[in-house]
Structure formats: structure tokens, C-alpha cells
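Trainee: Got a sequence here, can you model it:
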Amino acid sequence: MMQRFLGVAWLALLGACTWASGAEMTQLAIVEDGEARNVAWSGPPWKPGKGTLEAAGPDRWLLANRGLGKGDFHITARLSVHGLRKSAARFSIGRGASSFGFEGNHGKIYITGILCKGPRTAGALGPPETAGIEDGKPFTFELSRQGNTTTVKVDGKPVHTVETGDGPLPVLGFEPRRATMRIEQFTVKGTLLPEVYEHDFWSVWFHPKVTPVRTKWHGPFLNLPDDRILTVVNSDGGVRGYTSRDDGTTWQPGEPVRKEGETFQIRDGNADTLLVRTKKGTVVLVFLNIHGQRVSWDYEKQEPKDDIRRFTWAARSLDDGKSWQDVQCIQKGYAGALRDILETSTGEVVVANQNVARNPGRHISYCYVSRDDGLTWARSNGMDIGGRGDHAGSIEGTLEELRDGRLWILLRSYHGHFYECFSADKGLAWTKPAASRIKASGSPGMLQRLASGRLVLLWNRFAKGRPRRVGRREELSMAFSEDDGKTWSEPVILARERGKRQSYPKLFERRPGELWIATWQGNQLFKLLEKDFAGRPAR
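Mentor: Numbers count the residues shown, from 1 in each chain. The predicted structure is shown next:
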């Protein structure tokens with residue numbers, strides 16, 4: 001089930017208490033006397049028993065529906081684990097990112113993520129019985145933090161202490177894995193995060209350092225000079241711009257995009273709508289019109305049918321999206337999706353696109369270039385990698401300008417990596433496609449230069465340990481480059497949805513270093529701070 005970030009739900013909050021440091025903390029009952037109070041389920045809800053909630057098997061999470069912010073906290077649970085032997089049953093921070101496992105495959109308590117000491121990502125403690133954890137026997141589990149020190153106790157006895165820092169812990173809860181788990185009590189004390197999570201909220205795992213963005217639409221977004229945001233969406237019977245002064249909480253409509261004799265419609269979720277504001281102040285809009293489209297393919301011949309069509313249109317606004325002019329079709333034929341647009345350092349507007357080809361049936365990538373703020377357009381040479389099939393060829397490119405003035409494009413393929421091409425004339429002439437060094441799963445990426453000067457790449461790698469046919473779009477990763485793509489930081493997984501998709505990312509730098517990331521497949525919108533992720537070792 002798809003995750004949703006929600007900000008309003010009713011909570012039963014228990015009384016406040018005072019921690020040893022003197023900071024006021026709030027106590028929240030997640031499970032009380034075996035009844036779910038403030039629970040966010042991921043997977044089937046646990047079954048009520050005699051004074052317990054019970055579940056067995058993997059991916060059945062009982063989670064607190066509020067996370068903890070910075071500072072001290074105290075988590076307490078009364079539970080039992082049945083079938084403990086090598087069960088991997090665990091308490092987790094971040095829905096698997098960091099865990100205290102009651103017994104792993106090696107027959108010992110295991111720890112992962114921030115609960116490890118030093119740079120390790122996983123480790124083992126002693127056998128569970130040395131900590132008083134026995135099969136089927138109820139015990140009290142405690143996880144607390146004072147300052148930067150986090151301590152785990154079992155029945156009041158410390159079993160593990162580690163320096164973890166004092167950052168927020170958005171997701172907290174239990175998973176039975178290969179065991180049966182019964183929980184009687186589960187409470188958290190601390191500074192509660194404002195987000196309230198509902199049923200199946202954590203069917204998608206997110207990196208602990210990302211936070212939701214709550215707004216009606218997921219883009220595309222464009223910064224305007226007066227700190228407003230512009231987006232273009234389907235609304236009120238047409239394609240029109242909306243602006244917001246409060247980071248998307250409220251929106252004010254503009255006029256629809258009009259062309260005599262034409263009806264316009266775009267897909268929701270920014271799959272193929274692009275915006276850029278030029279140095280001269282012109283807003284250029286490029287979009288695929290899905291009204292009247294035909295997605296027609298002869299699978300026996302592996303050729304596109306004659307009536308296949310999805311046209312590419314462009315429009316300009318001289319008043320920051322209030323009204324539109326110079327509406328024109330810049331490509332007929334068929335484009336599957338639009339991914340990227342930029343203005344170069346010398347003022348060219350460049351759009352990455354593709355069109356269907358025949359004999360053999362495939363797709364070929366092109367760029368469309370305007371030297372007059374979107375008034376007229378020219379098409380580049382084709383970037384063709386061959387192949388045959390409805391998704392074969394080069395498609396859905398993302399591009400950026402390098403420091404030496406060349407343009408660099410990364411093209412989606414099904415060969416296990418991106419193809420790359422370079423242009424020395426701002427987008428009209430491109431080199432022959434060649435395999436890049438960036439491994440990719442056959443899904444589109446997003447390449448962008450940030451205000452800091454770094455390049456950032458969002459893309460789907462093959463999920464580790466998963467069959468390629470199902471693990472192709474499960475994980476959305478991010479990496480940075482300080483040297484124009486010669487080397488990259490170690491990729492960090494931002495979102496994961498097992499067996500489903502978190503893909504087709506779009507990136508919007510709302511303010512320098514504040515990155516908003518939307519996934520069209522997955523329907524997520526979240527933000528992160530560049531400083532929390534940049535600077536990791538290059539590879």
C-alpha cells in the first residue's frame with residue numbers, strides 16, 4: 001500500500017514528565033494493556049490476544065504513530081518472543097535502518113545502523129539468554145538516550161551502550177520476522193515529532209533525515225523572485241499555473257494554457273511537465289499533451305502502430321505564470337515522458353526529449369534548443385543506442401551543464417547502466433552514446449547542479465539481494481559529485497518500497513541546500529538538507 005504523509009490526526013496524549021536533564025517530555029502510549037492506542041501499522045494489523053497484541057512473520061510492523069525529535073527520550077515495552085531461535089525479531093529505528101535484534105542467524109543479539117559503535121553498519125552482542133531474553137518469557141525492553149549516549153536495557157539491566165548523537169528518530173517499532181511476538185505495553189517519552197502516521201504509513205521506508213512536504217501538488221515547482229513557488233497542473237478544466245507564498249500550503253490560480261482548436265491535459269504527478277525561468281524573466285513551460293494520445297504498439301511485429309501519438313508542446317509566460325502565450329507544438333510523434341529542462345550559462349533553453357522510431361521499432365533521444373526564451377525551437381541530432389521493442393532505445397534523459405561549458409546527458413536504458421552523451425554547442429550536436437560508469441536499473445534518473453556547485457544524482461539502482469525483475473525500482477538513491485561526475489559519494493538510499501516503486505524522481509531546490517524530492521511512481525514528496533548528506537567519501 002502506498003505511503004502517505006499526513007499531518008492531522010487525533011491523539012490520546014498522556015501526561016508530561018520531567019527527564020533527568022530538566023527538559024520537559026511528553027509520554028505517549030502506543031500499546032496499553034494489549035490494546036492499540038497510537039499505532040501505525042505497516043502490513044496486516046496485529047491480532048488482539050489476552051492482554052497482548054500478537055503477530056508472526058516478516059514485514060508486519062507495529063510502529064509508534066509519532067516519532068521522536070532531538071534530545072533525550074525513553075522507550076519502554078513489555079513483550080515476549082516465541083520461536084526466538086535465529087528469528088531476527090527486532091526493535092527498529094527507521095523501519096529497519098537501525099535495529100536491536102533479539103536473536104539473529106548467528107544465535108546472538110544483533111545490532112545495526114546507529115546502534116553500532118564506530119563506522120560499522122552491523123554487529124553482534126552475546127547470546128540472548130545472557131541478557132535475560134528467553135523464548136516465550138515476557139521481558140521489559142528499554143531504549144533511552146541522555147545527551148549523545150543511548151542505552152539498551154532488558155529487565156532493568158544495561159546490555160548495550162553507544163554514542164548515537166541527539167538527532168530525531170522518526171520511526172520506532174517492532175517486527176516479528178521469523179518469530180511470533182506479543183506486546184503488552186509500549187510507550188515513548190520525549191519530544192514528539194508533529195507528524196501523525198496512519199495505517200500502512202511505513203509500507204515505504206524513508207531515510208531518517210528526510211521529512212514530508214505537505215502540499216496539494218507534487219510539482220513541477222519553480223522558484224519565483226519574490227519567494228513564491230509556481231507549479232503547472234491540471235485543474236478547473238485546463239492546464240494552468242498556480243502560485244504559493246507559503247511553501248505550498250495555499251495556492252492562487254492563474255489563467256489556463258490556451259490554443260485555438262486544442263484541448264490540453266497533462267498527467268498528474270509531474271511525469272512530463274517541465275518549467276524553467278530564464279535570466280530575462282521568461283517562464284518556459286514544456287509538457288506532453290495526453291488529450292487525444294494513442295499508446296499503440298504492435299507487439300507481434302515489435303513496431304509502433306501508425307496512430308501512436310503523444311505530442312510535445314511549449315508555452316511562455318511573461319508574468320510568472322499568470323498567463324501564457326506563444327503556445328506551440330514542438331514535436332509530433334510519441335514521447336513516453338519528459339524528464340529535464342535547463343537554461344545554459346549562455347542563455348539557451350534545452351529540453352531532453354525522445355521520439356518513437358521504426359524499422360526496428362525503438363526510441364531515439366533528442367534535445368530541443370531555444371535561443372530566444374522559448375519563442376522558436378530547433379532539434380538536435382538523434383542519440384540512438386539501437387534495440388527493438390516498446391521500451392527499447394534511449395529514453396527519458398536528464399542533463400546538466402558542466403563547468404567546462406559542455407552539456408552532459410544521462411539516458412535511461414535496459415543495459416544495466418546509463419548511456420551518456422556530450423554537447424559542445426549547448427545542445428544541438430551530441431556525441432555518440434556510450435556506456436557511462438553509473439550503474440542503473442533501467443529507470444530514469446535526475447541530474448542537477450545545486451547552488452553549492454555540487455552535482456546531485458537521484459536514480460534507481462538494483463535493490464541488493466532482490467531479483468532484478470522486482471528490485472528494479474524499489475530503492476531511490478542519491479549521490480553527490482564535487483568534480484562534475486568523475487567521482488561520486490557513496491550512494492544513500494532515500495526511500496524504499498519492497499515489491500513496489502519509488503521512481504521517476506524530480507528535484508527542486510527550494511532554497512540553497514533545501515532539496516524537495518518527488519517520486520511520480522510512488523507519489524511521494526519529501527525534503528532533505530544537502531548538508532546532512534554531502535561530504536561522504538567519494539568512490
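
Trainee: Dump stretch 150-162 to CSV, keeping only the CA atoms.
Mentor: C-alpha atoms of stretch 150-162 as CSV (Å, rounded to 0.1, in the frame of the first residue of the first chain):
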residue,chain,number,x,y,z
THR,A,150,21.9,5.7,24.0
THR,A,151,21.4,2.7,26.3
VAL,A,152,19.5,-0.6,25.9
LYS,A,153,18.2,-2.4,29.0
VAL,A,154,16.5,-5.7,29.4
ASP,A,155,14.6,-6.1,32.7
GLY,A,156,16.5,-3.1,34.1
LYS,A,157,19.9,-4.5,33.2
PRO,A,158,22.1,-2.5,30.8
VAL,A,159,23.1,-4.7,27.8
HIS,A,160,24.3,-2.1,25.3
THR,A,161,25.5,1.5,25.3
VAL,A,162,26.6,3.5,22.3
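
Trainee: mind listing what's buried in it?
Mentor: The neighbour-count check on stretch 150-162 (16 or more other C-beta atoms under 10 Å) flags 150-154, 159-160, 162 as buried. All C-beta atoms are positioned from the backbone trio N, CA, C, and that covers glycine.

Trainee: Farthest from the middle of this structure: give me that residue.
Mentor: The outermost residue of the chain relative to its centre, with distances by C-alpha atoms, centre = their mean, is residue 130 at 40.5 Å.

Trainee: doesn't that residue fall inside a helix?
Mentor: Yes: membership of residue 130 in a helix is supported by DSSP: H, G, I helix; E, B strand; the rest coil.

Trainee: What separation is there between it and residue 112?
Mentor: Per C-beta to C-beta, to the nearest Å, residue 130 is found 19 Å from residue 112.

Trainee: Out of the buried residues of stretch 150-162, flag the one nearest to residue 209.
Mentor: Each of the buried residues of stretch 150-162 was scored against residue 209 by C-beta to C-beta, and residue 150 proved nearest at 17.0 Å.

Trainee: Enumerate every residue touching the closest one.
Mentor: Neighbouring residues of residue 150 by C-beta atoms under 8 Å, 6 or more residues apart in numbering: 114-115, 143-144, 161-164.

Trainee: try 7 Å this time
Mentor: The neighbours of residue 150, taking C-beta atoms under 7 Å, 6 or more residues apart in numbering as the test, are 143, 162, 164.

Trainee: got CSV for the residues you listed, with distance to residue 375 too?
Mentor: Shown next, in CSV, are the contacts of residue 150 (distance: C-beta to C-beta, whole Å):
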residue, distance to residue 375
143, 61
162, 61
164, 56
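
Trainee: In helices only, show me those residues.
Mentor: Among the contacts of residue 150, the subset assigned to helices under DSSP state H is empty.

Trainee: Show the pLDDT at residue 42.
Mentor: Here, the pLDDT recorded for residue 42 equals 80.

Trainee: what's near enough to touch the nearest residue to residue 267 once chain neighbours are set aside?
Mentor: Distances taken as C-beta to C-beta, 6 or more residues apart in numbering place residue 290 nearest to residue 267, at 5.8 Å, with adjacent residues excluded. Residues near residue 290 by C-beta under 7 Å, 6+ apart: 265-267, 310.

Trainee: What subset of the residues you listed is buried?
Mentor: The neighbour-count criterion (16+ other C-beta under 10 Å) marks 266-267, 310 among these as buried.

Trainee: ok, the residues you listed vs residue 46, which is closest?
Mentor: Closest to residue 46 out of the buried ones among the contacts of residue 290 is residue 267 (37.9 Å), distances taken as C-beta to C-beta.

Trainee: and stretch 180-198, how far out from the chain's middle?
Mentor: Put simply, stretch 180-198 sits 24 Å off its chain's centre (C-alpha atoms, centre = their mean, to the nearest Å).

Trainee: For that stretch, which residues meet the burial criterion?
Mentor: Neighbour counts over stretch 180-198 (16+ other C-beta under 10 Å) mark 180-193, 195-197 as buried.

Trainee: got the CA coordinates for that stretch in CSV?
Mentor: Output of stretch 180-198 as CSV, limited to C-alpha atoms (Å, rounded to 0.1, in the frame of the first residue of the first chain):
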residue,chain,number,x,y,z
THR,A,180,5.8,-14.7,17.0
MET,A,181,5.9,-11.5,19.0
ARG,A,182,3.4,-10.5,21.7
ILE,A,183,3.4,-7.0,23.1
GLU,A,184,1.6,-5.9,26.3
GLN,A,185,2.9,-2.4,26.8
PHE,A,186,4.8,0.1,24.5
THR,A,187,5.3,3.7,25.4
VAL,A,188,7.6,6.5,24.3
LYS,A,189,8.6,9.6,26.2
GLY,A,190,10.4,12.6,24.6
THR,A,191,9.8,15.5,22.3
LEU,A,192,7.3,14.1,19.8
LEU,A,193,7.5,15.0,16.2
PRO,A,194,4.4,16.8,14.8
GLU,A,195,3.7,14.2,12.1
VAL,A,196,1.0,11.7,12.8
TYR,A,197,1.2,8.5,10.8
GLU,A,198,-1.8,6.4,9.9
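
Trainee: coming back round to it: which members of the buried residues of stretch 150-162 are the farthest-apart pair?
Mentor: Every pair of the buried residues of stretch 150-162 checked by C-beta to C-beta; the farthest is 154 and 162, at 15.4 Å.

Trainee: coming back round to it: narrow the buried residues of stretch 180-198 to those in strands?
Mentor: Of the positions in the buried residues of stretch 180-198, 180-190 sit in strands, assigned by DSSP state E.

Trainee: Where does the prediction get shaky in the stretch 151-300 of the chain?
Mentor: 198-203 (pLDDT under 70).

Trainee: go again using 90 as the cut-off
Mentor: Applying pLDDT under 90 to the stretch 151-300 of the chain flags residues 163-171, 178, 193-206, 208, 211-216, 235-238, 267-271, 299-300.

Trainee: ranges for the strands of it?
Mentor: For the stretch 151-300 of the chain, the strands defined by DSSP state E, counting those that start in this stretch cover 157-163, 172-175, 177-190, 205-206, 211-212, 222-223, 229-235, 238-244, 252-256, 273-277, 283-288, 297-298.
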